[in-house]
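Q: Next come a sequence and a model predicted from it.
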Amino acid sequence: MPALGTFVLLAAFVVAAFAIAACVAGARTRSTRLVESGIGAFYTVTALMTLASGVLVHAFVTDNYAIKYVQRYSDSAQPLAYKIASYWGGLDGSIMFWVFLLAAFGAIAVQVNRVRHRELIPYVVAVIAATEMFFIYLMVVHKNPFSTFLTAAPVDGAGLNPLLQNFYMAIHPPSLYIGFVAMTIPFAFGIAALITGHLDDAWLRAVRRWTMIGWLFLSFGLTLGMLWAYEELGWGGYWGWDPVENAGLLPWFTATAFLHSVMVQERRGMLRVWNVTLVITTFFLTIFGTFMTRSGVVQSVHAFGEDRELAWLFTIFMVVILTFSFGLVIYRLPLLKSRNELDSWASREAAFLANNWILLFSAFFVLFATMFPTLSEAVKGERLTVGPPFFNKWMLPIGLTLLTLTGVGPLLAWRRSTMTNIVQQFTWPVVMGVLTAAALYAFGVRVWSSGLCFALCAFSATTITQEFLRGAGVRRAATGTDLFTGLVGLFGRSRRRYAGYIVHLGIVVMFLGFAGEGFKQEEQLPMKVGQQTTVGPFTVRHDSLRVTADAQKQMVTGHVSVFEDGKLVGEMRPARWYYEKRPDEPTTEVAIRRAPAEDLYIVLTTDFDPATQTVTYAITVNPLVNWIWLGFGILAIGSIISLLPESMFAVAMAKLPEAAVTTMLLLTLMPTAAFAQHIENPQAIRIAPRTQLEKELQSEIICMCGTCGRKRIGECTCGLAAQMRAEVAQMVSQGRSREQIYEFYMAKYGSQEPLASPIDKGFNRLAWLVPYLVGASGALMLGIVAVRWSRREEQPAEISQAAPGDDDPSMQQRLDDELRDLD
Amino acid sequence: MSSGISIEEGRLKPATSPVEAGFSRPADGFQPWHFFVLASILLATVAVVVTRRSSPEHLILLSFTIAAAGTVAAALYRMVLPLMFRNPPVSDGPFTERRRAALERDKMLTLRAIKDLEFDRAMGKLSQKDFDEMSARLRQRALSLMRQVDQDRLYRAVVEKDLEERMKGRLQGRLEPASTELPACGCGTINDSDAVFCKKCGARLSAA
């Protein structure tokens, strides 16, 4: 079987090469049979990768430990679902999974677009097949998932990392990979359009849908990752700005920018070069993200490890992508250039330009800050860490700006908004924003970032509500239906626009959840049986500690009663699981009690004693965190509505009785985000910090064990992290200041590596200065370009001049009839 | 894929490529893909019977893997089949199927843009002056596209009519019995209907 697997990979490589050759030769010589044969070869690669996947999963399920990859990531006691999920548990298998998904999606894209875009299809096939060839080459020469032991195979496997043995492992990586892989399709169409010179908007329509699909799955994968981190890692947070997390975020930013700027091209014919650039950049970032997580250039809790040969192979591939793609763009520049015109700063075009600027700035900032440790080591020879405190500080204004634009954009008209329009459109949203800010201030809210975020959420939410209500009002006046039917009819009429508003609403709700972070409350203390403590509105009482076991692991579970206002509201079971195969990597089962207003989050630390029944719990109250998951649900609904075929919507709208409208409306707005079950908590050895400074330092000092991917000492569960926490506690009790403690660790380790944020001096200033300088210069360039575009030149209009017959009343009448029938 | 035309029932249709002819002609007898499906089912059955393991997941995966192998075989067939045929004629007339579809698409998008503009105006987002200016340009473009689509329809109607007449002419020629016999010479040679002299002996032929 392993030999069959290797053979299938080799065959896929050869067939992919044939696909490229046949399609390109067929396109050049206009030979239909060569093109058809090339498409057949492309489908063959898909079938071969399906076969290879079947062989590998079969090996997992039948416990074939002769294969190294199976032995490394599975064992006989592992549940079936995790055996299957182990397919993508390691580097080799994850690359094969990538190729499998790319082949499957590529086959669908080619089949769907074969007739409509037949001039482009040969080159689309060639580009996708070339990408497949690269990844298959990686496997065949370097990381073959089917490689076997040379001597006798081990009797049992090592087992999948316990941290990965949960429900999210089944959906988070596939969703992310689908998101990455789906971005290859727009890239392939873009390159094909550049090669063939067919640069009309036809390729854009094919591309927009696939970008939307990729964007949706990326959003889903990122949100699942956030949920998984929240439920697994035990620090009560959901985003650690880990390099692998950032790798998924980077193409998300550029894809979002593309989905907006494409509207400008469709409506005004502007930004054509920019849109092609965005498509190329998005694909490049998916490859770059893969490079980051697999090469070892950055350290991460998620990384697959270090591999220099892989790093070189990826680097060569990325250089080829950039050279070939931008070379083509330069070659086709005369065809791409369009007449760009900006009539007003108060226009939707200007808002989209600002949107693109802020999103690209975000992508650049995250990329630069993620790579800064590598840059610092290369330039200065000094290792350092750029951790969450740094990112959270500098991304905050960017996030708030993005939220503001989410509200401003929809209010502006194409070309220009007059002062009357602006007053009319902005009045209510501004009033609601200001009222919200005033109310929060009156209620004593003093966390300025969260308060401002709430006010901007109110502003944007009012914008969206206003758009819906006014649109429904216009529709009601035009068709004579009721308001609800008018609301639903908006989707039939302007589906993309209103589905986009729902997506915006989802983003606003997510930001509401993010803003709750500013009101987090935490407590950590040892407790005896019967002892209780109060955190926020909850009183938590420790009842007992029990030890149980199953075939795979031993489980230590704390039993806790929760009271609110004196009434018992529930019982919770935070736990720790110790797997037999991996005793050094216990997992922590976080207990979460969810509510719209806040989550009660309890972690059983490793500081427990079953004999005396004493434990130390880390208790956190996370306000508004569930709005993040709800916000994603709303975002997903909007995206799915946007992706539906128009005909489906028109038929559905025609056939639905009016009475069903209200029901349908309610159903579509029901949250779909899956609330997690009882969370599993990865290891977390904590010593309860006694002071605020100690607590802060536990999130500002990095564990130097070298195996945890630069977790903070408050998160890492190894012995060294415990020792460092004890050191910090001692130094704080001795009265040392934060700076003195920083200096202690820098002297001890000879660099700034132990600090979660680099000290803002000298070379380290570049970590935030360069991105902000680039952002500022980007804004300046944008301003200059916008001013140039706003100077109108005396040139023939873009649309053809009035031709003879335009005055023909019968033609005008026909046009009016067709417009009327369209609605 | 060919962009040529074929004549069927007097209407213009895009030609089916050899691949389409092989894979998707109307269900009428044994299709190539039937063979691969049957072979996969047969092999999967044999494998399931012969295998020593009996857990459901193993049997399912085994069947899935064999089905995947069957798909590989079908895809290989799909890859090789087009190479066994000659290229169909390529017609690149000014009004191909693709161009017509593109024109219709552009026209639809322009009409939608006009509707969106009207909606924005009704929502109070556009001044009347801007609306008039933008709407006029979009309407011009829509009219231009409508005229191009009309021209295309006109051309296609002309071509269809011409082809119909030729078809009728050819058919009539086959159905009508020969009204004259071929002239025969005294030497026994049968000559062409319009021959004046025998092609073998050169003798003058009697008038038909």
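A: Sure thing, it's come through. All values derive from a computational prediction rather than experimental measurement.

Q: Against which helices or strands is the host helix or strand of A:Ile422 packed?
A: If you go by DSSP states H and E, A:Ile422 is part of helix A:419-442. Helix A:419-442 is packed against helix A:448-479, with contacts defined by 3 or more C-beta pairs under 8 Å, 6 or more residues apart in numbering or on different chains; DSSP states H and E. Where C-beta positions appear, they are placed from N, C-alpha and C, glycine not excepted.

Q: and the helix or strand that comes right after the helix it packs on, how far from the chain's centre?
A: Downstream of helix A:448-479, the first helix or strand assigned by DSSP H and E is helix A:483-493. Relative to the centre of its chain, helix A:483-493 is centred 31 Å away, using C-alpha atoms, centre = their mean, to the nearest Å.

Q: what do you get for stretch A:380-395?
A: 20 Å.

Q: any residues touching it, and which ones?
A: With C-beta atoms under 8 Å, 6 or more residues apart in numbering or on different chains as the test, stretch A:380-395 has contacts from A:237, A:239-241, A:362, A:365-366, A:369-370, A:372-373, A:376-377, A:699-700, A:702, A:710, A:712, A:751-758, A:763-764, A:767-768, A:771-772.

Q: between the helix holding A:Ile422 and helix A:448-479, how many degrees?
A: Relative orientation of helix A:419-442 and helix A:448-479, computed by axes from the mean of the first three to the mean of the last three C-alpha atoms, to 10 degrees: 140 degrees.

Q: May I have helix A:419-442 exported as PDB, CA atoms only?
A: Output of helix A:419-442 as PDB, limited to C-alpha atoms (Å, rounded to 0.1, in the frame of the first residue of the first chain):
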ATOM      1  CA  MET A 419     -23.800  68.300   1.400                       C
ATOM      2  CA  THR A 420     -27.600  67.700   1.500                       C
ATOM      3  CA  ASN A 421     -27.000  64.000   0.900                       C
ATOM      4  CA  ILE A 422     -24.400  63.800   3.600                       C
ATOM      5  CA  VAL A 423     -26.500  65.500   6.200                       C
ATOM      6  CA  GLN A 424     -29.500  63.400   5.300                       C
ATOM      7  CA  GLN A 425     -27.500  60.100   5.400                       C
ATOM      8  CA  PHE A 426     -25.200  60.700   8.300                       C
ATOM      9  CA  THR A 427     -27.600  62.400  10.800                       C
ATOM     10  CA  TRP A 428     -29.100  59.300  12.500                       C
ATOM     11  CA  PRO A 429     -25.900  57.200  12.600                       C
ATOM     12  CA  VAL A 430     -23.900  60.100  14.100                       C
ATOM     13  CA  VAL A 431     -26.600  60.800  16.600                       C
ATOM     14  CA  MET A 432     -26.700  57.200  17.700                       C
ATOM     15  CA  GLY A 433     -23.000  57.000  18.000                       C
ATOM     16  CA  VAL A 434     -22.800  60.200  20.100                       C
ATOM     17  CA  LEU A 435     -25.700  59.100  22.300                       C
ATOM     18  CA  THR A 436     -24.000  55.700  22.900                       C
ATOM     19  CA  ALA A 437     -20.800  57.400  23.800                       C
ATOM     20  CA  ALA A 438     -22.500  59.800  26.200                       C
ATOM     21  CA  ALA A 439     -24.600  57.000  27.800                       C
ATOM     22  CA  LEU A 440     -21.500  54.900  28.400                       C
ATOM     23  CA  TYR A 441     -19.700  57.800  29.900                       C
ATOM     24  CA  ALA A 442     -22.700  58.500  32.100                       C
END
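
Q: Can you tell me the SS state at A:Tyr65?
A: Under DSSP: H, G, I helix; E, B strand; the rest coil, A:Tyr65 falls in the coil class.

Q: just checking, it touches A:Asp156?
A: Yes - if you go by C-beta atoms under 8 Å, A:Tyr65 and A:Asp156 touch, sitting 6.8 Å apart.

Q: Compare those two (neighbour count), which wins?
A: A:Tyr65 (21 against 14; other C-beta atoms under 10 Å in any protein chain shown).

Q: got a list of what the more buried one touches?
A: Applying C-beta under 8 Å, 6+ apart, the residues near A:Tyr65 are A:Gln71, A:Ala153, A:Pro154, A:Val155, A:Asp156, A:Gly157.
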